[in-house]
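*Asks:* how does the following fold in three dimensions:
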Amino acid sequence: MSLHRLAFTGHRDAPPQVEQMLTSELRSEANRLGGRAVGLTCLADGADTMFARAVARCGWDLEVVVPAEQYRESLPPEHWPSYDAFLAMAVKVHRLPFVGSTPEAHLAAGQYMVDHCDALYAVWDGEPARGPGGTADIVAYAHERGCPVKVVWPEGVHR
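*Replies:* As a prediction, the model looks like this:
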């Protein structure tokens with residue numbers, strides 16, 4: 001039996017209470033699945049890192065999708081230690097063939113995750129994407145592909 005694969009997309013500026021909600025949702029999913037799973041993320045700062053921590057707390061495997069060769073450098077330098085630590089924990093790293101960390105690369109990474117998962121978790125405020133490859137675009141792509149989407153967002157909170 002193959003492991004259940006959960007992909008992730010979310011806002012980089014997610015409110016702090018999202019992490020507790022996300023961890024709770026993934027623990028519920030762990031109980032429902034009755035076993036191990038795989039979490040796929042790009043490890044951006046913000047919600048992606050919250051997802052990676054929640055995956056680790058559940059004892060699941062972590063797979064990382066690196067959108068571009070220059071992706072790490074495009075992240076805030078204060079995030080690099082977390083990025084590097086989670087990247088080192090990953091059981092598998094998928095590197096896409098882009099050089100620059102562009103909206104096109106981010107969209108391709110989100111689509112790659114949706115194409116290789118059983119369900120998508122989204123820390124999403126329900127608003128349109130602020131640029132190509134944003135959370136709303138990945139959620140829309142998942143819907144188009146018939147991939148189940150679980151949105152995690154605190155009621156009444158706005159970005």
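*Asks:* give me the contact list for the worst-scoring helix or strand of the chain on mean pLDDT.
*Replies:* Within the chain, judged by mean pLDDT, DSSP states H and E, the helix or strand with the poorest mean is helix 17-33; its value is a mean of 84. Residues outside helix 17-33 that contact it (C-beta atoms under 8 Å, 6 or more residues apart in numbering): 4, 6, 10, 37, 39, 47, 50-51, 53-55, 57-58, 60, 121, 123, 150, 152-154, 157. C-beta here means a position set from N, CA and C on the backbone, and glycine is covered the same way.
*Asks:* buried ones in stretch 123-131?
*Replies:* Buried residues in stretch 123-131, counting neighbours by 16 or more other C-beta atoms under 10 Å, are found at 123-125, 129.
*Asks:* same deal with stretch 148-159?
*Replies:* The neighbour-count check on stretch 148-159 (16+ other C-beta under 10 Å) flags 149, 152-153 as buried.
*Asks:* now render the residues you listed as JSON lines, adding secondary structure.
*Replies:* Putting the buried residues of stretch 148-159 into JSON lines (DSSP: H, G, I helix; E, B strand; the rest coil) gives the following:
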{"residue": "149", "secondary structure": "strand"}
{"residue": "152", "secondary structure": "coil"}
{"residue": "153", "secondary structure": "coil"}
